[in-house]
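Undergrad: Please find the sequence and the predicted model below.
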Amino acid sequence: MTSRLPEPGPRRRFPPAVRLPGLRRTPAADPSAAPAADAEGHPPPVPLPVFHGRLHDPRTATAVGRWLGLAFLVCFLTGLVSHYLQHPPGWLADDLPARPAWGYRFTQGLHVASGLAAIVLLLVKLWAVYPRLFAWPPVRSVRHALERLSIALLVAAAVFELVTGLLNIVEWYPWPFSFVPVHFAVGWLVTGALLLHIAVKSPEIVAHWSHRSPGTLELPEADAPDRRSLLLGMGAAVGAVTLTTVGQSFTPLKSLDLLAPRQPDHGPQGLPVNRTAAAAGVTAARLGGWRLEVLGPRPYTLTLDDLRALPLSRVRLPIACVEGWSVNADWEGVRVRDLIVRAGGDPGRAALRVTSLEVSGSYRVMDMGATYADDPSTLLALALNGQRLSLDHGFPARIIAPNRPGVLQTKWVHRLEVL
């Protein structure tokens, strides 16, 4: 009996290997391409990748880094403005400027816009420099160690700052810590790490600052067109992100506001609402028998009808929120300084503490410095855009003041205390 060998089946086809652009694993059998050894002659423990992308060079990193540094600078400075307007130290509280009325709207809109632009710029910057993560040996000198330390701090802090800032825009907080103090502290850490990084890399930055710098002239001239294309593409991406988000604060572009979480004129009475009455625990039942209590040398109480019987003022002021959206609106109400004078306060010198009916929250109690309290545009508002305040917009009364963050425009006011 003869045994028959099984007939060969159909030949199996395997998909071609996927190769990353500009990345090649060095063949172990090719000694000429082997990774360099360290100072003691020891090779790296595993073969390291070799990068062939020609734009992973100091000139590209410097050109992108200039724009990224500018974005971080603008974001940091406007962030300081926002933080100290929200949480002023005691010595500054009474001297914060109430003018220009649109000041906070401008600085916070710029803060959010520069932060969103920085996300695009940081991604391009990391692409330009990431092959250096595979350098061997990892540390060659004290200066090299400082350079790598500054990079590690800068990248970690920058990614954290931009990601948490982005999530704050959409009001999603998937972390156990308070956003404001941590975001503020990490902002200082990013700035310090950036300054350290610039100091360490300054020789390389100077050598590649422009297309005529000595270091740039040593690079292959054939790479210049590709580098320009990369930078133009980066600029186009930043422009696209800006145009599709900045309309939430720069309302002439609101029709292009495709990626921002809010439209500036969508909401009750033509304004968005961040914190609803339901979220604040304020119901129509709780407002039954509402009275405004004003404490001071001559305390008094007013009903809503009493407030409406007082001289009313009309102002057009923006409401600008820390998430980046802002919009102008028409407000009507009683001047706060008139209420302070009636309580025996000293106009121009008296500060004010405002308490809301909301059950809890970081801004349930708000302090207003003397400059804001004395400004003729600062109102205890009773109407918005020609209509009585809706419950979500703070009925029966709310604060509206110029050049002030939206979180400090307290809604559902029931007590004013002259300080």
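TA: In hand now; what should we look at? Residues are numbered from 1 along each chain as shown.

Undergrad: From now on I want contacts and neighbour counts done on CA atoms only, so please keep to that.
TA: Fine.

Undergrad: buried sites along stretch 284-298?
TA: Of the residues in stretch 284-298, those with enough neighbours to count as buried (16 or more other C-alpha atoms under 10 Å) are 291-296.

Undergrad: Any chance of those residues in CSV with pLDDT, secondary structure and distance to residue 203 as columns?
TA: Below are the buried residues of stretch 284-298 laid out as CSV (pLDDT from 0 to 100; DSSP: H, G, I helix; E, B strand; the rest coil; distance: C-alpha to C-alpha, whole Å):
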residue, pLDDT, secondary structure, distance to residue 203
291, 97, coil, 67
292, 98, strand, 64
293, 98, strand, 64
294, 98, strand, 63
295, 98, strand, 63
296, 97, coil, 62
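
Undergrad: want to throw those residues into TSV with distance to residue 387?
TA: Output for the buried residues of stretch 284-298, formatted as TSV (distance: C-alpha to C-alpha, whole Å):
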residue	distance to residue 387
291	21
292	20
293	24
294	25
295	28
296	31
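
Undergrad: Spell out the residue ranges of the strands in the stretch 1-150 of the chain.
TA: Using DSSP state E, counting those that start in this stretch, the strands of the stretch 1-150 of the chain run over 23-25, 49-51.

Undergrad: mean pLDDT lowest for which of those?
TA: When the strands of the stretch 1-150 of the chain are compared by mean pLDDT, strand 23-25 comes last with a mean of 42.

Undergrad: hey, which strand is longest across this protein?
TA: strand 326-335 (DSSP state E).

Undergrad: what's the next secondary structure element after it?
TA: Remark: after strand 326-335, the chain's next helix or strand is helix 336-342, criterion DSSP states H and E.

Undergrad: Please list the residues outside the helix or strand just after that next one that contact it.
TA: The C-terminal neighbour of helix 336-342 among helices and strands, as given by DSSP H and E, is strand 352-356. The contact list for strand 352-356 (C-alpha atoms under 8 Å, 6 or more residues apart in numbering) reads 364-370, 373, 410-419.

Undergrad: can you give me the mean pLDDT across strand 352-356?
TA: On average, strand 352-356 scores 98.

Undergrad: now it: how far from the chain's centre is it?
TA: Mean-position distance between strand 352-356 and its chain equals 28 Å (C-alpha atoms, centre = their mean, to the nearest Å).

Undergrad: Could you do stretch 333-349 as well?
TA: How far stretch 333-349 lies from its chain's middle: 36 Å, per C-alpha atoms, centre = their mean.

Undergrad: ok, and for that stretch, which residues are buried?
TA: Buried-residue list, stretch 333-349, by 16+ other C-alpha under 10 Å: 333-343, 345-348.

Undergrad: what distance separates the start and the end of it?
TA: Terminal residues of stretch 333-349 lie 22 Å apart, using C-alpha to C-alpha, to the nearest Å.
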